[in-house]
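A.B. asks: This is a predicted model, with the sequence first.
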Amino acid sequence: SLSTLLLLSRLPLYGVRPSATSLMSQGPRGTFMELGMGPTISASVVMQLMMVSKLLRCDDVQQDRERLRRGEQLLSFVITLGQAIVYAVSATSGRVGTVAVVLQLLFTNTLLIVLDEAMQSGHGLGGAVTSLFIAAQSSEYVLWKVFSPVTIDVGRGAEFEGVLPALVQRVSQSRSPGQLLRALSYVTTRPHLVNLCNVAATACMIALVVYLDGCHVSIPVHHKDRAHAHGTFPVKLMYASATPVMLYSMLLTNFNAISLALHTRFPEHALAWALGGWTHLDGRARPTSGLAYYVSAPESAWEVIHDLPRTCIHVLVITTVCVLFANAWSDLSNTSVAAVTKRFEHDGLVIRGFRDSSTRRELNRYVPVALVLGGRSLALLTVLAGVMGVIGSPAGIVMTVATMQHYRAVFRSNANRAHARFEM
């Protein structure tokens, strides 16, 4: 799956103009992954919001969860069709090119659905294609910004884009202690390109996410018929993994795309200004007023101090939405208290020191708290990552680390099972 995703990220779309840009872009521009995982995550966001608002109900029945998953896949296909048409109209010339681009993007979405189905059916190491692609894309971006040998001119002459080659170049050209200190100072804080402060911030954020991911409460359990069969049920602080942040990030991206499109098309309309006023700065659009401005994340400590009300509103919005998504995701992913209680009953497990009838009550003491604290922790980590200046997307870094921790746990579990089988 990973190799297929990386191949699609490099395969150019037929019929697209080289200079074409679009608000629909969520992945590598001009490739089969032009829309990225946007349609898939958008469909998941819609389903989550419908569950939170009680428009949809998912009982702890396999058939209900299967219907929700099929509905999410169908909605993802519909969203892909809509976004593909909008992108093709703005990025191609002629009817043939438009149809060709739409068909290529629909093929990509269908292939992603098939890969996701295969991985979640037990043919992979667990997880979903969405988190795998985001982790691969974010990791690739960080590695490129650190080790890139490409030279670039941002107004101070040609210099390496990667921070480590730039460091080696500056240090090797120093002929005195003073020049060495100036070189280190420049590479540490150089503007408009990744510097050593960004690398340090990214490393600190990775370490912090790894630490919080390891925080958990172990509930002792044993089999009610076999006293020697016992173990623990861990309730992690990040009980819903990085899913809430991923869903919030896509929700905010879609909202910003709609706000920017309205502001561009109807710049004088009151609704457009209420949703957000926009300006182009350093080659990218940034909100300057309206709702889009107040829900956007501050990108530096100066922005936090300079506009404290905006920061408070953003923190309140992201923490609230992440908690809602965490609770909805636990229902959809079969990890809610009711689902875990039924799994305990099916496996004949009970919490040590309690009766069967007390299992649900004891789980209610931990799981809802973990969902709330985990959702808020992820939200605050994302805000902190943006303020610290991590390399790449703050939400992408948090999701990447959480995904890597998930695969690390899967590898460890498989190794333990293989070791136990070998000893038998």
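C.D. replies: Yep, it's here. Numbers count the residues shown, from 1 in each chain.
A.B. asks: low pLDDT regions in the protein?
C.D. replies: 1-2, 17-28, 48, 51-65, 90-94, 120-129, 227, 282-283, 413-424 (pLDDT under 70).
A.B. asks: Skipping adjacent residues, who's closest to the residue most central in space within it in space?
C.D. replies: By C-alpha atoms, centre = their mean, the chain has its centre lying nearest to residue 246, at 3.5 Å. Nearest in space to residue 246, with sequence neighbours left out and distances taken as C-beta to C-beta, 6 or more residues apart in numbering, is residue 399 at 5.4 Å. Where C-beta positions appear, they are placed from N, C-alpha and C, glycine not excepted.
A.B. asks: Am I right that that neighbour is in a helix?
C.D. replies: Yes. Under DSSP: H, G, I helix; E, B strand; the rest coil, residue 399 falls within a helix.
A.B. asks: Let me see the contact set for it.
C.D. replies: 131, 134, 135, 138, 242, 245, 246, 249 (C-beta atoms under 8 Å, 6 or more residues apart in numbering).
A.B. asks: Kindly tell me how buried residue 367 is, as a neighbour count.
C.D. replies: 22 (other C-beta atoms under 10 Å).
A.B. asks: Let me see the backbone angles for it.
C.D. replies: When read as degrees, to the nearest 10, the backbone of residue 367 gives phi -60, psi -50.
A.B. asks: go on, residue 234?
C.D. replies: The phi/psi pair for residue 234 (degrees, to the nearest 10) is phi -80, psi 130.
A.B. asks: burial of it, as a residue count?
C.D. replies: Using other C-beta under 10 Å, residue 234 has 12 other residues around it.
A.B. asks: Does it touch residue 221 like I think?
C.D. replies: No. Using C-beta atoms under 8 Å, residue 234 makes no contact with residue 221, being 10.6 Å away.
A.B. asks: Can you tell me how far the residue nearest to residue 246 is from residue 316?
C.D. replies: 22 Å (C-beta to C-beta, to the nearest Å).
A.B. asks: Pull the number of nearby residues for residue 260.
C.D. replies: Neighbours around residue 260, by other C-beta under 10 Å: 20.
A.B. asks: Next up, the contacts around it.
C.D. replies: Contacts of residue 260 by C-beta under 8 Å, 6+ apart are 23, 276, 278, 285, 292.
A.B. asks: next one: residue 151
C.D. replies: Here residue 151 is in contact with 158, 159, 160, 161 (criterion: C-beta under 8 Å, 6+ apart).
A.B. asks: and the last one, backbone torsions?
C.D. replies: Note on residue 161: its backbone torsions stand at phi -70, psi -40 [degrees, to the nearest 10].
A.B. asks: Please apply the same query to residue 298.
C.D. replies: According to degrees, to the nearest 10, residue 298 has phi -70, psi 140.
A.B. asks: Use 648 as the first number from now on
C.D. replies: Sounds good: first residue 648 from here, last item residue 945.
A.B. asks: if you skip the residues just before and after it, what's nearest to it?
C.D. replies: residue 951 (4.8 Å).
A.B. asks: And the one you found, how far from residue 682?
C.D. replies: 33 Å.
A.B. asks: which one of the two has more residues nearby?
C.D. replies: More crowded of residue 951 and residue 682, by other C-beta under 10 Å: residue 682, with 24 against 19.
A.B. asks: Surely the more buried one and residue 728 touch.
C.D. replies: No. Assessed by C-beta under 8 Å, residue 682 is found out of contact with residue 728, at 10.7 Å.
A.B. asks: how about the host helix or strand of the residue nearest to the centre of the chain as CSV, C-alpha atoms only?
C.D. replies: Element membership of residue 893, judged by DSSP states H and E, is helix 890-912. The C-alpha coordinates for helix 890-912 follow below in CSV (Å, rounded to 0.1, in the frame of the first residue of the first chain):
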residue,chain,number,x,y,z
THR,A,890,-7.9,10.6,14.5
PRO,A,891,-9.5,13.7,16.1
VAL,A,892,-6.7,16.0,15.0
MET,A,893,-6.8,14.5,11.5
LEU,A,894,-10.6,15.1,11.2
TYR,A,895,-10.4,18.6,12.6
SER,A,896,-7.5,19.5,10.3
MET,A,897,-9.6,18.4,7.3
LEU,A,898,-12.7,20.2,8.6
LEU,A,899,-10.7,23.4,8.9
THR,A,900,-9.1,23.0,5.5
ASN,A,901,-12.5,22.6,3.8
PHE,A,902,-13.9,25.6,5.7
ASN,A,903,-11.0,27.8,4.7
ALA,A,904,-11.3,26.7,1.1
ILE,A,905,-15.0,27.7,1.1
SER,A,906,-14.2,31.0,2.8
LEU,A,907,-11.4,31.8,0.4
ALA,A,908,-13.5,30.9,-2.6
LEU,A,909,-16.4,33.2,-1.4
HIS,A,910,-14.0,36.0,-0.7
THR,A,911,-12.4,35.7,-4.1
ARG,A,912,-15.7,35.5,-6.0
